[in-house]
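1. I need the structure of the sequence given here:
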Amino acid sequence: MTSDLSAPLQGSTTTAGRGSSPRPPFGVSAVSVLAVLIALFSLVPLGYVVYMTVATGWDTAVGLIFRPRVAELLLNTLLLMAATVPLCLVLGVAGAWLVERTTLRGRKIWAVLLAAPLAIPAFVNSYGWVSAVPSMGGLGSGVLIATLSYFPLVYIPAAASLSRLDPAIEQSAAALGLGAWRTFFRVVLPQLRIAMTGGALLVGLHLLAEYGAFAMIRFDTFTTAIMTQYQSTFNGAAGNMLASVLVFFCLLLLLAEVRSRGSARYARIGSGAQARALRLPLHGYQVPAQAFLLVLTALAVGLPLYFVVRWIVAGGAGVWAADEFLPALLSTLGYGLAGAVATTVVAFPMAYLAVRHPGWFSKSLELSNYITSSLPGIVVGLAFVTVSIRVVPGLYQTAGVLVAAYVLLFLPRALVNLRTGLAQAPKELDEAAQALGKPPLLAFIRVTLRLTAPAAAGGAALVFLAITNELTATLLLSPNGTRTLATEFWSKSSEIDYAGAAPYALLMILLSAPMTYLLFQQSKKVAGQ
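-> The predicted model follows:
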């Protein structure tokens, strides 16, 4: 990087050096400063946990952490993850293999249906199951609901990896005498390592962060215990120490995922044409495969949808009172749009540095955002509650604080998409515009920004989806009197008014469905590149 990159363009005769990056709209130094400020801001929740742990005092912290209640929560969490993560891996990889590598009938339909559970929030899934079996509760129920809600987090990346996996390696294994099953376990499965570890990480983080689904079935986790402590003592030391343990587990998951990737390479050398995948004939297994997928999607999608519709019918026209659900819908749309736009704008400086000026500096800034986004919403919410009350009391329970929390929670969703879009926007076009006399800002808007717009829109859509279904941070930070679909659903379902909660559940599903389909299509598009 040369020192004159941030200097203003002197005239049309000045050209960007061959192989250099175009001048950013506000100069490298200004973009770097913005990225650093964003990174520092994103570390507020982690700083809050460290500060509260230190402020509590060593003796008090040890007493609050090493007690029977924490041991109980720890056991619940470990058992939940030990059962749910492997089940999600098995279901996700099996579904991806059936869709991408076999002669499964109707595989294009199954490909979409297996991703559909992501359109149903986990707490709505729990609501459907409690409606079906009111006595549900405990570890087994938690594993069932979590598995049905989160296995698509493994299925989507596994299917994308299989779709771009060169079948030549499978053909070579077959030529060496390996059967179909030995080829799968010895050749194909190792190629899915990154997709599986990434999916397992997402499932684990969701398990640590989930509140509504487990609270509804009375299964205690760290998140439900923190919320209970907060509601009873408002930011008490016990709740803060539980939050510190929860953050510790999140960081352990991140470290474990990085180490589990290994150093093996999974890319081909060269860009030769990829052979067409040979699909394994199912023959007599066609019916069992269809039955397996039918039961899985019926339990994950059909059952919750059935009970949502059933409660709506039971409630009659009265549950659609516009003065109740319309404000919640408008508020959800407003916060979703504001959060999506804010998150996309905030992600731009970091994405620009990562693509145009890669190095340890930009990677470190990115890492800070990924660490924060891995923290549960309840920890981010508690951090903003504490900071806003102690530092800027006037901001407590304002829309700005809630949107800021959304930005930190979902920044990577926009960042990943923006990086892809910027990487596909040739910097030479920007250089040419600047060489023709266009100021860096105007060249950026007319060239780079226009080429990046589709990726930015995709990232904003994914952020919107996440905000629509977010519950814990919204419960903690939303201004008094604010209604969203998620909080109204939670309020009514907590009062056992399942008919009143049903319209909010249906609206969340209808808003989430197009975004889930976009996520699925985007994963397939990236896989084909």
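
2. In contact with Ala460, which residues?
-> Ala340, Val341, Thr343, Thr344, Ala414 (Cβ atoms under 8 Å, 6 or more residues apart in numbering). In short, each C-beta sits where N, CA and C put it, glycine included.

3. hey, where'd the helices end up in the stretch 301-450 of the chain?
-> 303-315, 322-356, 360-373, 377-390, 399-423, 427-435, 440-443, 449-468 (DSSP state H, counting those that start in this stretch).

4. What residues of the fifth one count as buried?
-> To tie it back to what came earlier, the one meant is helix 399-423. Using 16 or more other Cβ atoms under 10 Å as the test for burial, helix 399-423 gives 399, 401-422.

5. Show me what that helix is packed up against.
-> When contacts are defined as 3 or more Cβ pairs under 8 Å, 6 or more residues apart in numbering; DSSP states H and E, helix 399-423 sits against helix 28-42, helix 322-356, helix 360-373, helix 377-390, helix 449-468, helix 472-477.

6. what's the longest one packed up against?
-> Here helix 322-356 is seen to pack against helix 28-42, helix 360-373, helix 399-423, helix 449-468, helix 485-494, helix 498-527 when contacts are counted using 3+ Cβ pairs under 8 Å, 6+ apart.

7. If you count contacts, what does the last one end up packed against?
-> Where contact means 3+ Cβ pairs under 8 Å, 6+ apart, helix 498-527 is packed against helix 107-113, helix 122-132, helix 152-164, helix 303-315, helix 322-356, helix 449-468, helix 485-494.

8. Quick one, which of those helices gets closest to Gly212.
-> Of all the helices and strands packed on helix 498-527, helix 122-132 sits nearest to Gly212, with 2.9 Å by Cβ to Cβ.

9. Quote the end-to-end distance of stretch 203-219.
-> 18 Å (Cα to Cα, to the nearest Å).

10. just to revisit the earlier point, JSON lines for the helices and strands packed on helix 322-356, including mean pLDDT?
-> As requested, the helices and strands packed on helix 322-356 are exported to JSON lines (pLDDT from 0 to 100):
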{"stretch": "helix 28-42", "mean pLDDT": "83"}
{"stretch": "helix 360-373", "mean pLDDT": "79"}
{"stretch": "helix 399-423", "mean pLDDT": "86"}
{"stretch": "helix 449-468", "mean pLDDT": "83"}
{"stretch": "helix 485-494", "mean pLDDT": "93"}
{"stretch": "helix 498-527", "mean pLDDT": "83"}
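
11. Just put the ones you listed in JSON lines and tack on distance to Phe222.
-> Shown next, in JSON lines, are the helices and strands packed on helix 322-356 (distance: least, Cβ to Cβ, whole Å):
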{"stretch": "helix 28-42", "distance to Phe222": "22"}
{"stretch": "helix 360-373", "distance to Phe222": "18"}
{"stretch": "helix 399-423", "distance to Phe222": "17"}
{"stretch": "helix 449-468", "distance to Phe222": "21"}
{"stretch": "helix 485-494", "distance to Phe222": "19"}
{"stretch": "helix 498-527", "distance to Phe222": "25"}
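
12. Out of those helices, flag the one nearest Arg186.
-> Using Cβ to Cβ, the nearest of the helices and strands packed on helix 322-356 to Arg186 is helix 498-527, at 22.6 Å.

13. And the closest one, what's buried?
-> 498-509, 511-512, 515-516, 519-520, 522-523, 527.

14. Repeat that for stretch 130-145.
-> Per 16+ other Cβ under 10 Å, stretch 130-145 contains these buried residues: Val130, Ser131, Met136, Leu139, Ser141, Gly142, Val143, Leu144, Ile145.

15. what's in contact with that stretch?
-> 76, 79-80, 83-84, 87, 122, 125-126, 129, 213-214, 216-219, 221, 303, 307, 310-311, 498.

16. same deal with stretch 395-405?
-> So stretch 395-405 is contacted by 335, 338-339, 342, 377, 380-381, 384-385, 388-389, 473-474, 477-480, 482 (Cβ under 8 Å, 6+ apart).

17. Dump it to CSV, keeping only the CA atoms.
-> Taking C-alpha atoms only, stretch 395-405 is exported to CSV below (Å, rounded to 0.1, in the frame of the first residue of the first chain):
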residue,chain,number,x,y,z
LEU,A,395,-30.3,6.5,25.4
TYR,A,396,-31.7,3.7,27.5
GLN,A,397,-34.7,2.0,25.9
THR,A,398,-34.5,4.0,22.7
ALA,A,399,-34.9,2.8,19.2
GLY,A,400,-31.3,3.8,18.4
VAL,A,401,-29.9,1.5,21.1
LEU,A,402,-32.0,-1.4,19.8
VAL,A,403,-30.9,-0.9,16.2
ALA,A,404,-27.3,-0.7,17.4
ALA,A,405,-27.7,-4.1,19.1
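
18. from the chain's centre, how far out does that stretch sit?
-> 21 Å (Cα atoms, centre = their mean, to the nearest Å).

19. Same check on stretch 89-97?
-> 19 Å.

20. How about that stretch, which residues are buried there?
-> Leu89, Leu91, Gly92, Val93, Ala94, Gly95, Ala96, Trp97.

21. now swap in stretch 100-109 and tell me
-> Those would be Glu100, Arg101, Thr102, Leu104, for stretch 100-109 by 16+ other Cβ under 10 Å.

22. what's around Tyr396, how many residues?
-> The number of residues packed near Tyr396 is 17, by other Cβ atoms under 10 Å.

23. hang on, I meant Trp58
-> 9.

24. do the same with the one 3 residues further on
-> Ala61 has 18 neighbouring residues, counting by other Cβ under 10 Å.

25. distance of it from Ala243?
-> 12 Å (Cβ to Cβ, to the nearest Å).

26. Under the pLDDT cut-off, which ranges of this protein? List them.
-> Across the chain, the ranges flagged by pLDDT under 70 are 1-28, 166-171, 173-180, 233-236, 261-277, 424-447, 523-529.

27. List the residues that contact Phe184.
-> Trp97.

28. how near is it to Val93?
-> 10 Å.

29. What of Gln231?
-> Using Cβ to Cβ, which is the criterion applied here, Gln231 is 40 Å from Val93.

30. cool, and Ala423?
-> Relative to Val93, and taking Cβ to Cβ, Ala423 is found at 29 Å.

31. Which residue is the nearest non-sequential neighbour of Leu511?
-> Excluding its sequence neighbours, the residue lying closest to Leu511 (Cβ to Cβ, 6 or more residues apart in numbering) is Thr468, at 5.1 Å.

32. my read: the one you found touches Ser512, true?
-> Yes: counting by Cβ atoms under 8 Å, Thr468 touches Ser512, with 6.0 Å between them.

33. still on that earlier bit, report the buried members of the contacts of stretch 395-405.
-> 335, 338-339, 342, 377, 380-381, 384-385, 388, 473-474, 477-478, 482.

34. What is the host helix or strand of Phe248 packed up against?
-> Assigned by DSSP states H and E, Phe248 falls within helix 237-261. With contacts defined as 3+ Cβ pairs under 8 Å, 6+ apart, helix 237-261 has these neighbours: helix 44-56, helix 58-65, helix 68-101, helix 193-209, helix 222-233, helix 360-373, helix 377-390.

35. Make JSON lines from the helices and strands packed on helix 498-527 and add distance to Val31 to it.
-> Formatted as JSON lines, the helices and strands packed on helix 498-527 follow (distance: least, Cβ to Cβ, whole Å):
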{"stretch": "helix 107-113", "distance to Val31": "39"}
{"stretch": "helix 122-132", "distance to Val31": "38"}
{"stretch": "helix 152-164", "distance to Val31": "31"}
{"stretch": "helix 303-315", "distance to Val31": "45"}
{"stretch": "helix 322-356", "distance to Val31": "5"}
{"stretch": "helix 449-468", "distance to Val31": "14"}
{"stretch": "helix 485-494", "distance to Val31": "35"}
